[in-house]
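Trainee: for reference, the sequence and a predicted model appear below.
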Amino acid sequence: MAKGIWVFAEQKEGELRKVARELLYNCRKFADQMGEEVAAVILGEGISGLAQAVADYGVDKVYVADDSRLKDYTTDAYVAVLADLIKANQPAAIFFGNTGIGKDLAPRLAERVGSGLMTDCTAVEIQDGNFVFTRPIYAGKAFTKVTCPEARPVMVTMRPNVLGAGDPAGSKNPETVKVDVQLDSSSLRQLVKEVVKKASGRVELTEADIIVSGGRGMKGPENFKILEELADVLGAAVGASRAAVDAGWRPHDDQVGQTGKTVSPTLYIACGISGAIQHLAGMGSSKFIVAINKDPEANIFNVADYGIVDDLFKVVPLLTEEFKKALAE
Amino acid sequence: MNIVVCVKQTFDTEAKIALTSDGKIDSTGVNLIMNPYDEFAVEEALRIKEKVGGEVTLVSLGSKQTVDTIRQGLAMGADKAVLINDPAMEGADSHGVAAALAAAIKQLNPDLILCGWVAIDDGASQVAGRVAEILDLPWVNVVTKIEIADNKVVAHREAEGQTEVIEVALPAVITAQKGLNEPRYPSLKGIMQAKKKELKELTLADIGLDAASVGAQASQVKILSYSLPEARKAGKKLEGDPADTAKELVRLLREEAKVI
Ligand SMILES: Cc1cc2nc3c(=O)[nH]c(=O)nc-3n(C[C@H](O)[C@H](O)[C@H](O)COP(=O)(O)OP(=O)(O)OC[C@H]3O[C@@H](n4cnc5c(N)ncnc54)[C@H](O)[C@@H]3O)c2cc1C
């Protein structure tokens, strides 16, 4: 019988990702409700120290696969290690973050172990001992509830930021299992030639709690400086509408919307963005929306909790100063 | 180079979503388009073909209506197409869809398979990965640049905060992300020619599968219900002297919304 709820405790450069903390925190609760155990699974190189960080979340078991071949993420290596672990231990469910790695890994793994996968979920319920997940479709223009009643493990990628996390439940002194990594080198087909880091050092859009976004109203790439300054004060990420991206003012991966990133921050500040349906699709689930637009008829005001009808070039620098003052208090 | 591109027909991005009286997604009056990410995949296939020669085959799973989307790809310049059209696939999950596509692709024996990284309707982003797994091929997901040489692909994969440059041997599965290219519009000549290009329709039996293994009844993921998000209401609009409105906004965010 399949047993245990697993969390793929994704790490980046030896640090647990925020979404991994969210999953550990929430899966402990789900497991208590279901009378299950929680196990964390950590893959990487030189990451054995993370066992303590996950232990703090009250997990019962930690699987650690520490191997030089797991240093850089590759689909083949990660899928192989996880598939072996799953076959040997038969968990009931596995939670992943819907991150670059989660999205890459989970579909192939689900296919290999022959199970059902529900991606980019935004809510979890337990009904009759089964997980029921909510996932946005049409980029958030609708939602669907899904479940995987039979196949095990139930596999899911959860969108970062939606479950939230509290303080770790406290260490349980979990059993630590060192995973014997068996990788046949001929099965590792992806050669990572280079990893180019982005310079900004800002939080990722999909994980950000606050996003400052600019559209065509920014008038040019140089003007995004005023948004960056606002973002620096707030510790925010900077996003963009497709119009700003297509104009070449911002990189493609900054785009928010139906064909860009779907984001769920607490606060989304839209500057010079009209609020086209495709843009709203990507940010409509933000908890609070602020719009700064000089056109009082702009669509964005129909969804904004707070709007300032004015020239953003006047408002944004003033706003930055006001936030600075407020946060210094 | 023998290239296969998977294309899916989706709702227009302009579409407003409504539910039918029995709680399903209502498709009446909705314009159907090629999934925008698949357009990048088709464009890239055409560019590779223009450089090194070969053939581009579109593969889709859908209904009679899907022919419009396939014709669009053919009008852009793809050479031929395969449509898996079998009513048993209605309601299949990502595994079923991937298994059907993989079986059709296998018959074509491609050197390279291109897909969009996600479809903007179900947003599942599973099918390409599952196809790669079923066909036991390497894949690179969410790609913004492709270089092909010596039977190898070097692909730039977009990951959070970084770009990974990954090399895999052909045949391989690559999924397209925005930024890969600018898809072309079909020319009038292309549209005329598309009508004469080969479009093969296949049933599950033609690709050696049956409904019991890939159709709706085999689906492991069950859809329980659909719903619409609560409509957002317009909130407070602030007008007047910008120094005052900026101050007021920060006050509201602190005291009312309590987010700062
Ligand atoms: C297939 C498809 C997919 C798409 N996907 C996306 C997507 O993922 N994301 C996305 O964003 N869009 C997407 N779009 C595009 C979308 O339809 C809109 O064109 C786009 O969102 C508009 O961007 P914008 O609001 O920045 O520009 P505009 O619509 O041009 O709006 C600019 C706004 O700035 C305001 N403004 C100008 N100057 C100032 C100033 N000085 N101060 C204050 N306000 C000012 C104007 O009043 C206006 O409201 C997609 C379109 C298609 C067809």
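Mentor: Perfect, thanks for sending it. These figures come from a predicted structure and were not determined experimentally.
Trainee: near the ligand, which residues of the stretch 151-300 of chain A show up?
Mentor: A:215-217, A:241-244, A:255-260, A:272-274, A:276, A:278-279, A:282, A:292-295, A:298 (C-beta under 6 Å from any ligand atom). Any C-beta I mention is one placed from the backbone N, CA and C, and that applies to glycine too.
Trainee: got a list of what the most centrally placed residue in chain A touches?
Mentor: Nearest to the mean C-alpha position of chain A, by C-alpha atoms, centre = their mean, lies residue A:160 at 3.0 Å. Residues in contact with residue A:160, defined by C-beta atoms under 8 Å, 6 or more residues apart in numbering or on different chains, are A:17-19, A:22, A:97-99, A:206-207, A:264.
Trainee: mind doing that once more with 6 Å?
Mentor: A:19, A:97, A:206-207 (C-beta atoms under 6 Å, 6 or more residues apart in numbering or on different chains).
Trainee: pretty sure it sits in a strand.
Mentor: No. According to DSSP: H, G, I helix; E, B strand; the rest coil, residue A:160 belongs to no strand; its state is coil.
Trainee: could you identify the longest helix within chain B?
Mentor: Secondary structure of chain B per DSSP state H: the longest helix is helix B:36-52.
Trainee: which helices and strands does that one pack with?
Mentor: strand B:2-6, strand B:112-116, strand B:172-176 (3 or more C-beta pairs under 6 Å, 6 or more residues apart in numbering or on different chains; DSSP states H and E).
Trainee: next, the buried residues of that helix.
Mentor: For helix B:36-52, a neighbour-count test (16 or more other C-beta atoms under 10 Å in any protein chain shown) marks B:36-46, B:48-49 as buried.
Trainee: distance to the ligand and pLDDT for those - can I get that in CSV?
Mentor: Below are those laid out as CSV (distance: C-beta to the nearest ligand atom, whole Å; pLDDT from 0 to 100):
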residue, distance to the ligand, pLDDT
B:36, 5, 98
B:37, 10, 98
B:38, 12, 98
B:39, 9, 98
B:40, 11, 98
B:41, 15, 98
B:42, 14, 98
B:43, 14, 98
B:44, 17, 98
B:45, 19, 98
B:46, 19, 98
B:48, 23, 98
B:49, 24, 98
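Trainee: quick one: which of the residues you listed is nearest residue A:230?
Mentor: residue B:36 (30.5 Å; C-beta to C-beta).
Trainee: ok, now which ones touch that closest one?
Mentor: Contact analysis of residue B:36 by C-beta under 6 Å, 6+ apart lists residue A:259.
Trainee: residues in the stretch 1-150 of chain B within reach of chain A, list them.
Mentor: Residues of the stretch 1-150 of chain B found near chain A (C-beta under 6 Å from any C-beta of the partner chain) are B:13, B:17, B:36, B:120-126, B:129-130, B:133, B:138, B:141.
Trainee: which parts of the stretch 201-329 of chain A are helices?
Mentor: Counting by DSSP state H, counting those that start in this stretch, the stretch 201-329 of chain A has helices at residues A:224-234, A:242-246, A:277-283, A:312-328.
Trainee: now for those helices, which one comes closest to residue B:149?
Mentor: helix A:242-246 (29.5 Å).
Trainee: could you export that closest one as PDB, CA atoms only?
Mentor: Only the C-alpha atoms of helix A:242-246 are listed here, as PDB (Å, rounded to 0.1, in the frame of the first residue of the first chain):
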ATOM      1  CA  ARG A 242       3.700  42.400 -23.300                       C
ATOM      2  CA  ALA A 243       3.700  45.800 -25.000                       C
ATOM      3  CA  ALA A 244       6.800  46.700 -23.000                       C
ATOM      4  CA  VAL A 245       8.400  43.400 -23.700                       C
ATOM      5  CA  ASP A 246       7.600  43.400 -27.400                       C
END
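Trainee: pLDDT on it, on average?
Mentor: On average, the pLDDT along helix A:242-246 is 97.
Trainee: stretch A:197-213 now?
Mentor: 88.
Trainee: end to end, how far does that stretch reach?
Mentor: From its first residue to its last, stretch A:197-213 covers 22 Å (C-alpha to C-alpha, to the nearest Å).
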